[in-house]
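**Student:** Predicted model and sequence follow; I will ask about them next.
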Amino acid sequence: MRTHSRTLLLLGLLSSTLLNCAAPAKEAMSPSNMAPMPSAVSDAAMGESSSRTTDAPSAAPQMAPVTSQPFAGSSAPTQPSAPPGTAAKTTPDNKPATTQAEVSNPDVFILYTGGLSLLVDDGKIAPTTDKIIDDAIAVGGHIGSRKDTSVSVIVPSKSFRAVFAQIENLGEVTHRTIAAEDVSEEYHDAEVRLSNMKATRKRLEEFLAKAPNVNDMLTVERELERVVMDIDRTEGRMRFLREHTAFSTLTVDLAAKPRIAPIVAAATVAPPQLPPAPPRAIDLPATWLQEMGVNRLINGK
Amino acid sequence: MKRFLSLVLIPLALAGVACGPSAKLSPPAGFAHVDGEYDDRITSPRGVVIGARVERNKPVANLEFWAEAIDLRLRAQGYVPEPTTDLKSKSGLPGKGLRYTFFDGQRTNRYWVDVFATDQRVILVEAAGDQTDFDAQKDQVESTMLAVRVN
C-alpha cells in the first residue's frame, strides 16, 4: 500500500514533467515576457523568411539590416532620413552606425545568403576573386569555396551589407540575390523549451536522489536520460542557429565582359581578274573595216 | 562604126568610173612593190609591209568617226593600242595615227594605221611587221606612210 502510493506520486511527477516539456513554446512566451517588436522588423521577424532577387543593377542591398534592429526592450525609432534597414543610431560624423547595432541584439537571428553575378574586364577574374576574398578576410570572414569563375565567402553578418556593397563595385552587376531567413522564433522556442527541460531535469534529479527503491530509480533514470538528450539536442540546435546567424554566405559568380570589337567593314572581295571585255562595236556598212589587220596586210589578201 | 565605138568606149567609161582615186606609196630604200588587194603595197625583205588603199566615205563620217571605228574593231580582235596621235600627211591631209601591238600566237607584231578622211574618201595606210624588224625601220615606215599620195 505504501509502495503503491509512492508509485502514484512518481507517475504524477512524471506526467507533470512531460506536460511542461511538451508545453507549446508560444504559450510559454507570454506577452508579458516578450518585448514589443518594432514595426520595422515585424515582417521579417514574425518567423517568415524573405528574399529578393534582382537582375538589374541597383543600389546596395537594403534587406539585411531591417531584420536586425533591436526589437527587445527599447523601441528605438528609426530616423526618417535613414535608408530602409539602417539603424537609428548615428556616429558623431553623422554616418549611420548600422552594422554594429544590427547584430548587437542577441535576440535576433537572421540567416543571410547573398549571391552576385559580376561582369569584369577580360583577364580580371582571378584578381577580382582575390579581392573578394581579401574583403571577406578584412572583416573577419573567410573563404568558403573557390572555383575558376566563382567564389563563396563567409563573412560576419554584421559586415554582410558592407562587403556586399564593396563587391558590387568590383564589376558590372548582372544578377543579385539576397535572402534573409528569420529564425528568431525558432531560437526562442528552443530557449524556452530548454529552460523547461532544465527545470524538469532538476526535479528528476531531486526525485532520483530520494527514490526509495531500485525500480523507481530505474524509471526516473530513464526519464532523466531522455530529458538530458532533449536538452543536448536543443542546445545543439540553438548553438547552430547562433553560429550560422553570426555569419553569412555570399557567393559571387564572375564572368568576363564581352569584348567590344570595332566594327570593321568586311574586305571587299576583289572579283577575279578577267580579261577586259572587248569593246562593243557595231557592224558598219563598210566591209573594208573587216579587212584590216596584220595578216591581211602581210599576206596581201 | 557606131558598133565599134560602143564596143570600145563603153568599157573604157565603165572602167574609168570603177577605178576612181587610188593611193600610191613611195618605197624607201630596201622596200619593193608587191601585189595584193591594196592600191599599193610595199615590203622589206624581212616582211615589214606597208599598204595603202582608198575607200568610200560611206556612211559619210568625219575623221574621228573612222578612226574610232577602226580602233574599236582592232581592239576587239586583241590589238593592244598605244596612244592615238594626230597627223598631217605630206600632202596636207589631217589624219590620225593608230598604233598597236599584236601577238598572233607566235610572234609580236607592230601594226600601224594612218587614216585620213575627205568628204568622199577614207585613205588608209597600214604598216605591219615583226616588232624587232619594224622598230628597226620605223622611221622609214612613218615617213613613207605620211608621204602617201592619192591620185
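**Tutor:** Noted; the coordinates are in hand.
**Student:** Identify each buried residue in the helix or strand containing A:R176, please.
**Tutor:** A:R176 is part of strand A:172-182, with elements assigned from DSSP states H and E. By neighbour count on 16 or more other Cβ atoms under 10 Å in any protein chain shown, the buried set for strand A:172-182 is A:V173, A:R176, A:T177, A:I178, A:A179, A:A180, A:E181, A:D182. Where C-beta positions appear, they are placed from N, C-alpha and C, glycine not excepted.
**Student:** ok, now which ones touch the residue most central in space within chain B?
**Tutor:** Taking Cα atoms, centre = their mean, the centroid of chain B lies closest to B:V125, which sits 2.1 Å from it. Applying Cβ atoms under 8 Å, 6 or more residues apart in numbering or on different chains, we find B:V125 in contact with B:A23, B:L25, B:I50, B:G51, B:A52, B:V113, B:D114, B:V115, B:F116, B:M145, B:V148.
**Student:** Are we agreed that it is in a helix?
**Tutor:** No - counting by DSSP: H, G, I helix; E, B strand; the rest coil, B:V125 is not part of a helix but strand.
**Student:** Report the beta-bridge partner residues of it.
**Tutor:** For B:V125, the beta-bridge partners under DSSP bridges are B:A52, B:D114.
**Student:** any idea how far it is from B:V48?
**Tutor:** 14 Å (Cβ to Cβ, to the nearest Å).
**Student:** thinking again about what came up before, now for the strand holding A:R176, which elements pack on it?
**Tutor:** helix A:42-45, strand A:49-54, strand A:110-120 (3 or more Cβ pairs under 8 Å, 6 or more residues apart in numbering or on different chains; DSSP states H and E).
**Student:** okay, the angle between it and strand A:110-120?
**Tutor:** Relative orientation of strand A:172-182 versus strand A:110-120 (axes from the mean of the first three to the mean of the last three Cα atoms, to 10 degrees): 170 degrees.
**Student:** tell me the contacts of the closest residue to chain A within chain B?
**Tutor:** When distances are taken as Cβ to the nearest Cβ, chain B reaches nearest to chain A at B:G36, 2.7 Å away. B:G36 sits next to A:N299, A:G300, A:K301, B:G51 when contact means Cβ under 8 Å, 6+ apart.
**Student:** And the helices in chain B?
**Tutor:** Assigned by DSSP state H, the helices in chain B fall at B:2-19, B:63-76, B:131-136, B:138-146.
**Student:** helices or strands up against the strand or helix carrying A:E243?
**Tutor:** Using DSSP H and E, A:E243 sits in helix A:214-246. Contact here means 3+ Cβ pairs under 8 Å, 6+ apart; on that basis helix A:214-246 packs against helix A:2-22, strand A:110-120, helix A:184-209.
**Student:** Next, the residues that contact stretch B:55-65 from outside, please.
**Tutor:** A:284-286, A:288, B:66, B:69, B:94-96, B:115-124.
**Student:** List only those of these flagged as buried.
**Tutor:** A:284, A:286, B:66, B:69, B:95-96, B:115-117, B:121-124.
**Student:** For chain B, what lies in contact range of chain A?
**Tutor:** Counting by Cβ under 8 Å from any Cβ of the partner chain, chain B comes close to chain A at B:34-38, B:41, B:47, B:49, B:51, B:53, B:55, B:58-59, B:69-70, B:72-77, B:79, B:102, B:104, B:109, B:111, B:113, B:122, B:124, B:126-129.
**Student:** run the last query once more with 6 Å
**Tutor:** Within chain B, the positions near chain A by Cβ under 6 Å from any Cβ of the partner chain are B:36-37, B:49, B:51, B:55, B:69, B:72-73, B:75-76, B:102, B:109, B:111, B:126, B:128.
**Student:** For the closest residue to B:P83 other than its chain neighbours, the count of nearby residues, please.
**Tutor:** In space, B:P83 comes closest to B:R99 once its chain neighbours are excluded; the distance is 7.5 Å by Cβ to Cβ, 6 or more residues apart in numbering or on different chains. Each residue near B:R99 was counted by other Cβ atoms under 10 Å in any protein chain shown, and the total is 18.
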